[in-house]
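1. have a look at this fold, sequence not included:
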C-alpha cells in the first residue's frame, strides 16, 4: 500500500538563503499530522511546496504515489488546501461558492450537486447555504473554507492555522470538525500553537531552522524529554532524609504528610528503585506519578532555544 504523502529530501532556497534543507517524511493513512515549528522555521515553505503552490529547489513530493512536480494537475486532484487566509468570495452565497470551487477541482458537472451537499453536511453549514459568505461569523467562514478544501473528496487535506483568530467556542467546534474529517482523510495541520497539537494531532513533524528535528507519534513527542520529577505518596513515611539517600535527588518538596514531589539531578530512571524500597521497608506505596515535561519545554528542547 502506497503512502498518501511522501516527501523526499526536500530543499528550497530563496535567493542565497536556504529556507528548508533535506526534509523527508511520510504520511501513511488517515488521521491528523501536526506540522509544528516556530515562526520562520520553514513550515510554511514546506506546506506550500507540498500543496503545489511553490516549486522546490531540490527533492520530490509524491501525493498518492503521483510525483507533484511531474504531474501537478493529477497530484493536486488529491489535495485540499485551506490557507491561513481562507480564499473566500464573500459576495457569493455559501452554495454558489462551493459549486464554483467544485468546478475548479474538475468535479464532473453531474456530480457537483451531490459533492456540494455532502460538504455542506459534513461542515454543518447546510442551514447557511443561501447566505452571503460576508454575512457569516468568523467561525462559520472558517467552516466554509474547510468545506472548499474537502468538496472534491481529496485523500490529503492541508490546513494552515485553521483556528487562528477564533473565539474559544469556535476553536472547539473547528477541532471537532477536523477530527471528523480525519476519519476519512489524511490531514496535515500547520501550527505553532502547542495546545492545538496536543488537542488534535496523532503524529508530529517538527521543523526548526529549515531542518526536520522530530518525526513521531504524539506519545513519542510527549516522552521526548525524560521527566525530571515525580510525585510520591507513602502511607508510612520514612521522612525526606531517608528518601534522599535512595538515588540522585536534587530536591524533595513535601506537599503534605507522606506526599512528596521529588526532583532528580538528571534523567535517571528511579521509579523501580522507589517501588523496591517501599516493598522492602513496608512503606505502603500509595501513588507514584511521573510528571512529564510540558509541551513548551519539549518545544524548547527540540528547537534548541
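-> Now that the structure is in, tell me what you want to look at. Because the structure is predicted, anything quoted here is derived from the model rather than measured.

2. who does residue 157 form a beta bridge with?
-> residue 80, residue 187 (DSSP bridges).

3. any idea which residue is closest to the centre of the chain?
-> Nearest to the geometric centre of the chain sits residue 34, at 2.1 Å (C-alpha atoms, centre = their mean).

4. mind checking pLDDT for residue 137?
-> On pLDDT, residue 137 comes in at 92.

5. and for residue 269?
-> So, for residue 269, pLDDT stands at 62.

6. please apply the same query to residue 191.
-> pLDDT, residue 191: 84.

7. ok, back up a step: the residue nearest to the centre of the chain against residue 199, yeah?
-> No - judged on C-beta atoms under 8 Å, residue 34 makes no contact with residue 199 at a distance of 10.0 Å. Glycine gets a C-beta too; all of them are placed from N, C-alpha and C.

8. one step back: and the residue nearest to the centre of the chain, how far is that from residue 212?
-> 13 Å (C-beta to C-beta, to the nearest Å).

9. hmm, back to that, assign the residue nearest to the centre of the chain to helix, strand or coil.
-> With DSSP: H, G, I helix; E, B strand; the rest coil as the basis, residue 34 sits in strand.

10. ok, what's across the strand from it?
-> The partner residues for residue 34, given DSSP bridges, come to residue 189, residue 204.

11. quick one: residues contacting it.
-> 189, 191, 196, 197, 200, 201, 203, 204, 205 (C-beta atoms under 8 Å, 6 or more residues apart in numbering).

12. residues near the fourth one, how many?
-> So that's residue 197. For residue 197, the count of nearby residues is 21 (other C-beta atoms under 10 Å).

13. find the nearest non-adjacent residue to residue 3, please.
-> Spatial nearest neighbour of residue 3, excluding adjacent residues (C-beta to C-beta, 6 or more residues apart in numbering): residue 26 at 4.6 Å.

14. the helix or strand that neighbour falls within: partners in the sheet, and parallel or antiparallel?
-> Per DSSP states H and E, residue 26 falls inside strand 17-27. Here strand 17-27 is paired, per DSSP bridges, with strand 5-14 (antiparallel).

15. buried residues in the partner strand, which are they?
-> 5, 6, 7, 10, 11, 12 (16 or more other C-beta atoms under 10 Å).

16. now those as JSON lines including distance to residue 21?
-> JSON lines is the format used below for the buried residues of strand 5-14 (distance: C-beta to C-beta, whole Å):
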{"residue": "5", "distance to residue 21": "19"}
{"residue": "6", "distance to residue 21": "18"}
{"residue": "7", "distance to residue 21": "13"}
{"residue": "10", "distance to residue 21": "8"}
{"residue": "11", "distance to residue 21": "5"}
{"residue": "12", "distance to residue 21": "8"}
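
17. quickly name whichever of these is closest to residue 88.
-> Of all those, residue 5 has the smallest distance to residue 88: 25.9 Å, by C-beta to C-beta.

18. so the closest one sits against residue 30, correct?
-> No - between residue 5 and residue 30 there is no contact under C-beta under 8 Å: 11.8 Å.

19. tell me, what's touching these two both at once?
-> The overlap between the contact sets of residue 5 and residue 30 (C-beta under 8 Å, 6+ apart) consists of residue 186.

20. helices and strands around the helix or strand hosting residue 275, which ones?
-> Element membership for residue 275 (DSSP H and E) is helix 271-281. Secondary-structure packing of helix 271-281 (3 or more C-beta pairs under 8 Å, 6 or more residues apart in numbering; DSSP states H and E): strand 229-234, strand 285-291.
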